[in-house]
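Asks: Below are the sequence and a predicted model for it; my questions follow.
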Amino acid sequence: MRTATLQKNDLDRVIDLLSQADYRVIAPQNQPRLDGPDSIDVAVFKEIQSGDSHNIGEGLSTTGIKPFLFPKDEPLFAYENRGKKVVLTEVSLDFPKTVILGVRPCDVASVSSLDAVFSDKNAGFNDELFTKRLEKTTFVSYSCTEPDVSCFCTSVGLAPDSDKGSDLHMTELPDGTLHVEVKTKAGEKIAAVIDALLSGDGDAVARQQAGVAAAEKITRLRDSAPILPWLQDLGNFGDEMWQRLGEKCLGCGACTFECPTCHCFDIVDENSGNKGYRVKFWDSCQFDHFTLHASGHNTRNSQFERYRNRFNCKFKIYEDVFGEKGCVGCGRCIRGCPVNLDITEYMAEVAHKAAIPNAMSADPDFE
Amino acid sequence: MAKIGVFVCQCGNNIARTVDTADVAKDASEQSGVVFVEDYKFMCSAPGQEAFKKAIRDHDLDGCIVSACSPKMHEATFRNAAEAAGLNPFKVEIANIREQCSWVHNDKEIGTAKSKDLTRMMIQRVKYNRPLERYRMTMTKRALILGGGIAGIQAALDLANAGTPVTIVEKEPSLGGNMARLSETFPTLDCSQCILTPKMVEVQNHPLITIRAFAELEKLDGYIGNFKATIRQKAKSVIDKDCTGCGDCWEKCPFTVESEFDMNLIKRKVIYIPFPQAVPTVPVIDRANCPKFLKDKCGICADVCGPDCIDFTQEDEIIEEEFGAVIVATGFELMPNVYKEYGGSSMPQHLIPKKMNKKQRAAQPRSTSGRLPDVINGLEFERLASASGPTGGEIRRPSDGKKPKTVVFIACVGSRDASKGVEYCSKICCMYTAKHTMLYNHSVDDGKAYVFYMDIRAGGKGYEEFINRAQDEGAEYIRGRVSALRKKGDKILVKGADTLQGCAVEIEADMVVLATAMVPQADAIDFAKTLGISYDKHGFYSEQHPKLMPVDSSTGGIYLAGACQGVKDVPETVAQASAAASKVMQLFSKEELMREPEVAIVDKEHCMNCWDCVTVCPYLAISPEEVKDRNGNVVKMVANVNPGLCQGCGLCNTVCRSKSIELQGYTDQQVYAQITAFEGAFV
Amino acid sequence: MIEQIREKARELLESGELDVVIGYAEGSDPTRTTPIFCRKPEDTDKLVLDGRCVNTLPAYLNKRHEYPKKGWKKTGIIGKGCDIRAITQLIAENQLKRDEVYIFGAECEGVVAHPEKWDGSLHEGNCASKCSACDVKIPLDTDFYPGEKPEVDRSGPYMVSAPALATLVKMDDEDRFAFWRDDFDRCFKCYACREVCPHCSCNICITDRTMPSWVDQAAHTKGVFGWHLTRAMHLVGRCTGCGECTRACPVNIQVDLFNQKMKEVIQESFDYKSGYSMEVKPPLITYNTDDQETYIR
Amino acid sequence: MPNIYQPNLMTIKKVINETPDTKTFHLVFQDEELQENFEFETGQFGEYSCFGAGESTFCIASSPTRKGHIECCFRKTGKVTNALFELSEGDTIGFRGPFGNTFPIEEWEGKNVIFVGGGIALPPLRSVIWNLLDLRDKYKDISIVYGARSVADLVYKQEIAEWEARDDVNMVKTVDPGGETDDWDGYVGFVPHILENDFKPDPENTVVVVCGPPIMIKFTFEALERLGFKQDQLITTLENRMKCGLGKCGRCNIGSTYVCIDGPVFKAAEIDLLPPEY
């Protein structure tokens, strides 16, 4: 498909054109914050209007794009109790036509993982709240050129310039221009809207080199190949490392809520008088009550068991059940963990246990 | 599934005027769980109650809402009716659509909508009402009376005459209190001691009354029906049971100090009874002033004592006794003269408003003595006028014993003036000042009495007539305030204003009598804490309800009598004492004590033993409890509520972060259901 | 300093007096340290102590976490001054006994506000605001202190507040509400603020209780405000100001500003500061008939 | 396809109080067409909702051979079950399902079948028991071993009496020591103990279906294995916490096995291949 060149300072024009073409445009933006030594920069994906400043291409956003496909809370339907009768009202599935700009390769790769869970590929049950949103959403991804210390996409089969799941992929070249690759039909539509800003065929060689250069900056390099077979050996489920590495885990859900592929949710009724909504909202396998039976029995009773489940989910369950990657290597769980529980340390340990000696090279202290 | 009945009351037109009750009933009938509704003119009438009972029986209702007036009015009515019909009374709730709705709205549409909401909320709430049982507990049918003044004496006699054993604890060596100090009483001018001492003798001789004079309550544990009092019997240095009260000891005692009973106007012996008619007639040694104790000299009293009952080695005795009820009758004191313009000194420690910080409080001088000796207060005047007083009833001024020819009486000293004293009216001063002028005029034929007053408040039977009589007998009433008292030779120059005449007034008086404010005892607040009862900002003890429960304290089983609760004259004090006694009799008339079940309960599973509830409980009703496993090992500690002590105030509920303690009848589930049933709750 | 602590910790682990020593070790990045549980004497070699040691380790002593269940009779813990205040507060609240812990304390220079800001040293630009006027840099209650512990006057109020609080207080109500509404929009209720807090000690948090659900579980505006305001109120008079809730927040909401504001209120109204005494109870749980508010009597 | 989270409405036709905290509902769909065409197989479960409280998971306790209504049986333990407990005849509840796999009753044809249940775990067995009894000729001996903590905790008391009365069912009932009443005519002892020491089934041509709390399943399997049963003769249902029933919400998994999709019926041999998280 088509490749082209776009000037980086034309990104504002891109936003204008897409808005004019009736797209809801989502882009990463810096959040206003209070001054002082305790606050740090925060960037999130938000709807953007013409003229708003964005920070496309400036590091990985604090949170990903998951909320635009799988919101942190959403009503499933409304109910009203009328005496002995109940009236249900369906929610609208008419979602706005959306384009998400400046998505990092790891985030956009996570979409197919989520799709594997929520669409009818999973046991035939189609969660239309997800799939109808996905149908209406176009992803314009943006290669990483400056991966940070927590990034490890290269360990999970991705790269700073991956275009997996993308509709239109951009790569910033050293000369400051953007290399644009149209990947899908939806991407073509975007390209058509911004056609006036595109020129030439793009510099494929420079784009390739930019990707390689970025990948070289990733220091957390783990070989994830031995992980799946090791996890599949049921004997390793009781391995001592789970408890040893996991005991400092405090059981918050920061890693799961920041994770682009974590999909667990809970359902509750939120009531006001006789009316209310049944609401689906993010839940976390790290919470102690997540698997607590009404009887008081808890299938994952200790915190290390919950983290073991998370690790298994990322590297085994996702592949076994949904046939997709469970981890895209964005590193948010590492950045966000209050106690520096590092998933790549688990990966290294597993690789070590699976007797792949060179897996340890990135972490010489861990003997 | 709930089978709920909803009964909407029109309250004649009281509710129906602004609420479409039929519409409220219809709306209720459409709610899940409601199987019966009724819209009726007067639910509380006998036919209304019958219909209520019939509906419960006919429809086997398991919850009822009466949408009517405030639960304060008829909750008990309908709960009793439900009980009679076989439904647990705590499954009945009142939705207040009168005081909180029809009476405060004019618009019928709004009133009706709000009534529907209130009723719906109660319907949801009652689904979570659990049947509750009242607690039954045994009780000790003995009463403890704190204070042996006229209030304590009256309450003790009433109770003992009704067959209840009583113990009176009096901190002074004798019963009598302030009333024993008075000369005559208004408005009849009968001799105070003449009417008081027969009652004291009756107390002394009553087989059911135990007098603990020269004793103080140290601690009160327990709860209504089951109090445990720790009483300190101060060492009298005299063996009670052997003493005959012959008087040899105090007659022979060579040492004297100022007599507190006589307002320091005269001296008493160091071994003494406060006044001749004292009950008990057992003297005590004032150890702080006795040379035997100070430097081991003297000991004459022991030498002269016939029954050999002086015991210098006697020690304070701690007595623990159980009681079912307590009557607090600790009385009052007069505010000392703290006004420089009246020749007094600065404010004494305990009267300084609590708003002052520690530093400010510490800076206040402690002395209460005045600079002008012939400026005295009302009680001092009473002693001067009393036949048993220091002057044998002749009015002589303290400085030189002369009969004062001109006496100025000043009313409202410290009262009715929040900026300088207390904001309340001390109520008795108008009357006793009038009495004083009469006593003075009777004693000093050519004497002239002036009264400076703000208003005359004489709202009692025969009171106004009494004031008129005082004026007829020669007292000159000047409406106005006194601005200063100055020493002028051996006289006191009184500078004031006559606001009726609109002129300044100066009177050269021989003596000035100040009607200083009536205030609680100096240690009233500390004592309230010992008892665990509440008090107002002045230190007067608070009644449970100012109109409907005027003798109940805030704590169950503790009742109030006399001036400790607020300013009172003798007849009011006696009436309240009898009322308190009858409350105790009412309590003791039952076989067992019934406690309402609306007390806190602990969720032992979730309690995390932080003891915040223990710390916050004003009634000391919560204590740590051990939870043991099958083998008797303590596995954890949890909070435990003593239902006898718990008053259901709910403070523990608010401090419990883990939501492990809640009030029966007001559980989180009930309250939450009620709130969420309000459609506007989360808009 | 850390050498002396290592040595003492090793000695106490060797002698069996301590079952474990909780401290800090190098983290997975050069900018971070991570909590470590030293069980074997040689583990103590890994201990570090510098401006990167942000975690409030007493969170691990909270009964709510599983650690006390492990059967440790006596736990050694390395504490900064503010951490030791947290321990004191835990003891005051009966969540820990003094003889169950052995406190290693050392003079604290302050810590970095956020690991992201660590550039090899601690300086004005990256030091947490809580450290600016800290009066427990020489810690209060320690069992082991390297060298002689100097006396410090701590009679004054503890009025360290983030500059951000002043900005916030100056806003009018509407702007302030809007600020929080927008900031809370990021909150997804991961409860990191709760889990890192040494004082969130309920075994089942009010937000996890369902009968009834006082706080909506979903992370919409109502549920998020419900949680943060409840949390703030539950910490009134108890928060020892370690600021971990803000530091731990993965979406960088400064939730400790609520606690700081409450701390100021409590100090002004009741002259109370938490974590300085095991005996003095926080004012909001104390029934006091001397209360200046007459309605309570 | 309708919203997968939106339940169908059902009317409670009948409420049976089983124990002080356990109830059975008879339910029919309010949509007549759905009521007509609704199909399920024994062993499957549903998500039952009380609107305003939420959804809870229990099995369909009636047999697919008995049309007209479906039944559920639940004990009040949490928010939803407490709310459901307050409902009465004529009220509306929500139902999503059927979900999950089924008991392989065709495999059992010509065999002896033993049902072992504890406490509130009888409802899933009761579905398959009636299913088999309605196809009685296809099976050899049918035995039911049922125990509860106390006599008061036994559910389906009437049906237990019915099964006892039948001569083609071998009914064994027991209560835990201390839970018996004066007129109790069953055994006193824990289910695995009674099974191993009193009932002593012959493994030959027999399958055993065990339902109960995890600890009971564990001990019962051990007891049966001591009696000579092989793992593929032993069947149970697992009841992990669920929310969606659709394999999406992520809480019922045991390793890579989702109980809501791959279960709830498992053979002992299958369970053996799962990590010990149930």
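Replies: Arrived safely.
Asks: center of the chain - which residue?
Replies: All of this is about chain A. By CA atoms, centre = their mean, chain A has its centre lying nearest to A:Pro260, at 2.1 Å.
Asks: meant chain C actually
Replies: The residue lying closest to the centre of chain C (CA atoms, centre = their mean) is C:Cys242, at 3.7 Å.
Asks: Now do the same contact list for the closest residue to that one other than its chain neighbours.
Replies: Nearest non-adjacent residue to C:Cys242, counting by CB to CB, 6 or more residues apart in numbering or on different chains: C:Thr56, 4.3 Å away. Every residue, glycine included, has its C-beta placed from N, CA and C. Shown in contact with C:Thr56 (CB atoms under 8 Å, 6 or more residues apart in numbering or on different chains): C:82-83, C:86, C:196-198, C:242, C:244.
Asks: now what about stretch B:7-23, what contacts it?
Replies: Residues outside stretch B:7-23 that contact it (CB under 8 Å, 6+ apart): B:24-25, B:28, B:37-44, B:48, B:51-52, B:55, B:64-69, B:97-98, B:101-103, B:105-108, B:111-112, B:115-116, B:119.
Asks: could you flag which of those residues are buried?
Replies: Buried subset of these (neighbour count, 16 or more other CB atoms under 10 Å in any protein chain shown): B:24-25, B:28, B:37-40, B:43-44, B:48, B:51-52, B:55, B:64-69, B:97-98, B:101-103, B:105, B:111-112, B:115-116, B:119.
Asks: of the contacts of C:Thr56, closest to chain A?
Replies: Checking those against chain A by CB to the nearest CB gives C:Val196 as the nearest, at 4.9 Å.
Asks: Please report how far that closest one lies from chain D.
Replies: From C:Val196 over to chain D the distance is 24 Å, taken as CB to the nearest CB, to the nearest Å.
Asks: returning to that earlier point: confidence score at the residue nearest to C:Cys242?
Replies: The model reports C:Thr56 with a pLDDT of 95.
Asks: gap between it and C:Cys239?
Replies: Separation of C:Thr56 from C:Cys239 (CB to CB, to the nearest Å): 11 Å.
Asks: What of C:Cys38?
Replies: 29 Å.
Asks: and the two? which has more neighbours close in?
Replies: Ranked by neighbour count (other CB atoms under 10 Å in any protein chain shown), C:Cys38 and C:Cys239 place C:Cys239 first, with 27 against 23.
Asks: got a list of what the more buried one touches?
Replies: By CB under 8 Å, 6+ apart, the contact list for C:Cys239 reads C:199, C:256, C:259, C:262-263, C:274.
Asks: Quick one: which of those residues is the most crowded by neighbours?
Replies: Neighbour counts for the contacts of C:Cys239 (other CB under 10 Å) peak at C:Asp256, which has 30 neighbours.
Asks: and it, backbone torsions?
Replies: Main-chain torsions, C:Asp256, degrees, to the nearest 10: phi -70, psi -10.
Asks: tell me the contacts of the nearest residue to it once chain neighbours are set aside?
Replies: Computed as CB to CB, 6+ apart, the closest residue to C:Asp256 that is not its neighbour in sequence is C:Thr246, at 4.3 Å. The neighbourhood of C:Thr246, defined by CB under 8 Å, 6+ apart, consists of A:38, C:193, C:252-257.
Asks: Most neighbours among those, which one?
Replies: Each of the contacts of C:Thr246 was scored for neighbours by other CB under 10 Å, and C:Asp256 scores highest at 30 neighbours.
Asks: what stretches of the stretch 251-400 of chain B score poorly on pLDDT?
Replies: For the stretch 251-400 of chain B, the stretches flagged by pLDDT under 70 are B:345-371.
Asks: Which stretches in it count as strands?
Replies: For the stretch 251-400 of chain B, applying DSSP state E, counting those that start in this stretch gives strands covering B:256-258, B:267-269, B:271-272, B:284-285, B:317-323, B:325-328, B:332-334, B:375-377.
Asks: and of the ones you listed, who's closest to chain A?
Replies: Set against chain A and scored by CB to the nearest CB, the strands of the stretch 251-400 of chain B come closest in strand B:317-323, at 43.7 Å.
Asks: Mind listing the strands that closest one pairs with, and their directions?
Replies: Using DSSP bridges, the strands paired with strand B:317-323 are strand B:226-233 (antiparallel).
Asks: who's in contact with the partner strand?
Replies: B:137-140, B:144, B:169, B:212, B:214-222, B:316-326, B:557, B:644.
Asks: Buried subset of those as a ChimeraX selection?
Replies: Per 16+ other CB under 10 Å, the buried members of these correspond to this ChimeraX selection:
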select /B:139,140,144,169,212,214,215,216,217,220,222,321,323,324,325,326,557,644
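Asks: Mind listing what's buried along stretch D:34-54?
Replies: D:35, D:38, D:40-54.
Asks: what number of residues lie near the residue in chain D that chain C sits nearest to?
Replies: Chain D approaches chain C most closely through D:Lys79 (4.3 Å), counting by CB to the nearest CB. Residues lying near D:Lys79 (other CB under 10 Å) number 21.
Asks: now B:Leu645
Replies: Neighbourhood size, B:Leu645 [other CB under 10 Å]: 22.
Asks: which bits of the stretch 51-200 of chain D sit near chain A?
Replies: D:51-56, D:77-78, D:81, D:90-92, D:94 (CB under 8 Å from any CB of the partner chain).
Asks: These into a markdown table, with extra columns for secondary structure, pLDDT and distance to A:Cys144?
Replies: Formatted as a markdown table, these follow (DSSP: H, G, I helix; E, B strand; the rest coil; pLDDT from 0 to 100; distance: CB to CB, whole Å):
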| residue | secondary structure | pLDDT | distance to A:Cys144 |
| --- | --- | --- | --- |
| D:Phe51 | coil | 94 | 47 |
| D:Gly52 | coil | 90 | 47 |
| D:Ala53 | coil | 91 | 46 |
| D:Gly54 | strand | 94 | 42 |
| D:Glu55 | strand | 95 | 42 |
| D:Ser56 | strand | 94 | 45 |
| D:Thr77 | coil | 89 | 49 |
| D:Gly78 | coil | 89 | 46 |
| D:Thr81 | helix | 94 | 50 |
| D:Gly90 | coil | 90 | 61 |
| D:Asp91 | coil | 91 | 56 |
| D:Thr92 | strand | 94 | 53 |
| D:Gly94 | strand | 96 | 46 |
